[in-house]
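> just the structure for this:
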Amino acid sequence: MVEELIYKKMLDWLAEDIPFWDVTAALLPQGCKCRAIIVAKERGVAACVEDVEGFLKWLGFNVRVKVSSKTVFKEGDTLMEIEGDMRKLLQVERLVLNVLSHSCGVATETRKAVEKVKVVNPKVRVSATRKTLPGLRYFEKKAVEAGGGDPHRLSLSDMVLIKDNHLRYFRSVKSAVEAAKGSTSFTMKIEVEVSSPEEALEAAEAGADIVMLDNFSVEDVKRTIELLEKAGLRDKVVVEVSGGVTLENIGGYAEAGPDVISMGWLTHSAKAVDMSLEIVEVVKP
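This next block holds a predicted model:
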């Protein structure tokens with residue numbers, strides 16, 4: 001059922017590209033078949049390959065995946081082979097490549113971040129955020145997982161996350177956490193975005209499950225963890241670092257000892273992996 005919902009979403013994207021009919025594909029005769037391959041033009045990490053495979057099969061194509069999700073591929077590798085109606089394939093070509101190249105780009109950048117963190121502190125998780133491109137959240141979150149990262153919350157319905165603008169209403173971090181604990185289900189975790197080590201301690205003392213250290217320096221992350229340890233609360237709260245983290249400084253943040261490092265650019269700014277669809281055989285009717 002979930003797969004069909006995703007396929008229908010992709011059909012909506014296809015409708016944007018074909019509002020009436022494909023005037024170029026109409027030059028080909030009905031019944032023309034072909035065999036094609038999707039080839040990587042640079043190194044990367046595969047993601048959402050099986051979703052694209054399912055969509056193409058749903059449209060009637062025969063598909064063979066050559067590189068599964070989570071796998072590293074190199075320049076020149078074939079990601080999948082496709083056989084079927086040539087007209088239809090040329091109509092979905094750009095959609096398929098857009099989804100795959102973007103998803104693989106997200107997975108590739110995530111893998112880079114994960115590998116840098118593992119060298120320093122393998123216990124730290126690398127996570128995405130909710131900064132996803134409209135319509136692409138499903139693919140971007142799956143791509144983060146393919147790269148070895150954590151998808152974080154999938155939507156506003158997943159958990160309570162009290163951010164700076166929410167806090168403007170409340171008297172304090174403590175009162176915000178108390179309001180959340182008093183009005184939400186016991187199944188919901190509560191996270192608070194804080195701006196200082198003292199606010200992090202206040203949130204933990206109030207019973208928050210997660211504290212997000214927003215735009216903290218490495219030194220302030222260390223100080224926050226020291227405060228939590230002195231208060232006997234370090235093991236009772238998840239510490240997330242977010243904001244200002246890059247591939248260049250992520251090692252320093254990992255060394256400071258948080259549980260999670262989250263980065264919005266993994267989804268909204270990852271460079272797409274270059275790839276192409278090539279027709280290798282045409283069977284005329």
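> quick one, what contacts residue 284?
29, 32 (CB atoms under 8 Å, 6 or more residues apart in numbering). (C-beta placed from N, C-alpha, C; glycine too.)
> distance check, it against residue 228.
For residue 284, the distance to residue 228 equals 70 Å [CB to CB, to the nearest Å].
> what does residue 26 give?
To residue 228, residue 26 is 66 Å away according to CB to CB.
> of those two, which one has the most company?
residue 228 (21 against 10; other CB atoms under 10 Å).
> the helix or strand hosting the more buried one packs against which elements?
Secondary structure from DSSP states H and E places residue 228 in helix 218-230. With contacts defined as 3 or more CB pairs under 8 Å, 6 or more residues apart in numbering; DSSP states H and E, helix 218-230 has these neighbours: helix 197-206, strand 210-214, strand 238-242, helix 250-256.
> chain center to it, what's the gap?
Distance of helix 218-230 from its chain centroid, counting by CA atoms, centre = their mean, to the nearest Å, is 29 Å.
> what's that helix in contact with?
Taking CB under 8 Å, 6+ apart as the rule, helix 218-230 contacts 196-198, 200-201, 204, 211, 213, 216, 234, 237, 239, 241, 249, 252-253, 255-258.
> of those, buried ones?
Applying 16 or more other CB atoms under 10 Å to those, the neighbour count classes 197, 200-201, 204, 211, 213, 216, 234, 237, 239, 241, 253, 255-258 as buried.
> got the angle for the helix holding residue 228 vs strand 238-242?
Relative orientation of helix 218-230 versus strand 238-242 (axes from the mean of the first three to the mean of the last three CA atoms, to 10 degrees): 170 degrees.
> and helix 218-230, what's buried?
Result for helix 218-230 [16+ other CB under 10 Å]: buried residues 220-225, 227-228.
> report how many residues lie close to the closest residue to residue 145 other than its chain neighbours.
Sequence neighbours aside, residue 151 is the residue nearest to residue 145 in space, at 5.8 Å (criterion: CB to CB, 6 or more residues apart in numbering). Residue 151 is flanked by 19 other residues according to other CB under 10 Å.
> next, residue 151: phi, psi?
phi -70, psi -10 (degrees, to the nearest 10).
> check the one 10 residues further on too.
With angles defined as degrees, to the nearest 10, residue 161 sits at phi -130, psi 100.
> tell me the contacts of it?
Contact analysis of residue 161 by CB under 8 Å, 6+ apart lists 153, 191-193, 212.
> okay but residue 270 is in contact with residue 108, surely?
Yes: between residue 270 and residue 108 a contact is recorded at 7.2 Å, counting by CB atoms under 8 Å.
> out of the buried ones among the contacts of helix 218-230, the closest to residue 276 would be?
residue 253 (36.9 Å; CB to CB).
> can you list the domain ranges for the chain.
2-111+271-283, 112-268 (automatic domain parsing).
> how about the ones you listed in CSV, adding mean pLDDT?
As requested, the domains of the chain are exported to CSV (pLDDT from 0 to 100):
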stretch, mean pLDDT
domain 2-111+271-283, 96
domain 112-268, 96
